[in-house]
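Visitor: Quick one, fold the following:
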Amino acid sequence: MIKLEQKYTALLGDVQRRAIGGGVPAAMGQLRLCFELLGLASAIDGDCATRLGRHGLSEGKFVLLFLLRDAPKGLSPHELAERAGVTRGTITGLLDGLERDGFLARHADQLDRRKLLVRLSAKGEAAAATLVDEHAQWIASLFADFTQQEMQLLSSLLEKAWRKTDSGDTQGAP
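Guide: Numbering: from 1, shown residues only. Predicted coordinates for the structure are as follows:
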């Protein structure tokens with residue numbers, strides 16, 4: 001069983017205490033499962049941050065290295081923001097940090113000097129070449145002991161729960 005974060009243990013304890021007279025609520029199992037899923041996501045996120053942090057990168061900066069790895073001619077900050085799913089303000093901060101740390105450089109477009117292109121530096125190319133594959137292998141290792149059938153089952157169960165969220169509820173969307 002997954003060890004729950006203290007905040008989730010406290011919430012489950014509170015729900016259980018409130019239900020003492022009427023027995024354990026039927027939802028206890030569902031609550032615990034949700035908290036276990038959140039705990040797993042938090043653990044993966046934390047491990048990811050630690051692994052990338054060793055290289056002076058956040059997840060956002062890593063995504064930009066990944067996107068620029070396959071764009072040797074460069075991408076505009078606007079294109080990077082769209083592909084990374086972040087705002088233009090966020091992309092500016094990420095690019096500033098990556099440029100300051102020597103991972104990339106901004107260049108004027110040769111055809112349109114008003115346009116800015118972002119390209120990886122030699123340091124950025126080297127980091128992207130190793131880290132993208134290393135990170136993908138680490139993520140794959142999390143599920144290495146799963147059979148193909150188990151992965152398909154987990155995926156369909158997660159999708160079933162996702163459809164109940166506001167983000168996944170296409171029925172109730174305006």
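Visitor: how far is the lowest-mean-pLDDT helix or strand in the chain from where the chain is centred?
Guide: Between all helices and strands in the chain, the lowest mean by mean pLDDT, DSSP states H and E belongs to helix 6-18, at a mean of 86. Mean C-alpha position of helix 6-18 versus that of the full chain (C-alpha atoms, centre = their mean, to the nearest Å) differs by 28 Å.
Visitor: Touching it from outside, list them.
Guide: Here helix 6-18 makes contact (C-beta atoms under 8 Å, 6 or more residues apart in numbering) with 4, 24-25, 27-28, 31-32, 35, 38-39. To be clear about C-beta, it is placed using only N, CA and C from the backbone, and glycine gets the same treatment.
Visitor: For that helix, buried residues please.
Guide: Within helix 6-18, the residues that count as buried by 16 or more other C-beta atoms under 10 Å are Tyr8.
Visitor: what pLDDT, on average, does the next helix or strand along the chain from it get?
Guide: For helix 6-18, the following helix or strand on the C-terminal side (DSSP states H and E) is helix 28-53. Throughout helix 28-53, pLDDT has a mean value of 92.
Visitor: Which strands and helices lie in contact with helix 28-53?
Guide: If contacts are counted by 3 or more C-beta pairs under 8 Å, 6 or more residues apart in numbering; DSSP states H and E, helix 28-53 sits against helix 6-18, helix 59-69, helix 122-142.
Visitor: Of these, which stretch is the most buried?
Guide: Each of those was scored by mean neighbour count; the highest is helix 59-69, a mean of 19, by mean count of other C-beta atoms under 10 Å.
Visitor: quick revisit: please list only the buried members of the contacts of helix 6-18.
Guide: Buried members of the contacts of helix 6-18, counted by 16+ other C-beta under 10 Å: 4, 32, 35, 39.
Visitor: tell me the two of these that are most distant?
Guide: Arg32 and Gly39 (10.1 Å; C-beta to C-beta).
Visitor: wait, Gly168 sits on Trp162?
Guide: Yes: using C-beta atoms under 8 Å, Gly168 makes contact with Trp162 at a distance of 4.1 Å.
Visitor: hang on, the earlier thing: quick one, the least confident helix or strand of the chain and helix 28-53 angle?
Guide: In terms of direction (axes from the mean of the first three to the mean of the last three C-alpha atoms, to 10 degrees), helix 6-18 departs from helix 28-53 by 170 degrees.
Visitor: where does this protein dip in pLDDT?
Guide: Counting by pLDDT under 70, the ranges of the chain that qualify are 20-26, 171-174.
Visitor: And it, what are its domain boundaries?
Guide: The chain is divided into the following domains under automatic domain parsing: 7-54, 57-138.
Visitor: Let me have the helices and strands packed on helix 28-53 in a markdown table, extended by distance to Leu154.
Guide: As requested, the helices and strands packed on helix 28-53 are exported to a markdown table (distance: least, C-beta to C-beta, whole Å):
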| stretch | distance to Leu154 |
| --- | --- |
| helix 6-18 | 21 |
| helix 59-69 | 22 |
| helix 122-142 | 11 |
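Visitor: I'm done for today, thanks for sticking with me.
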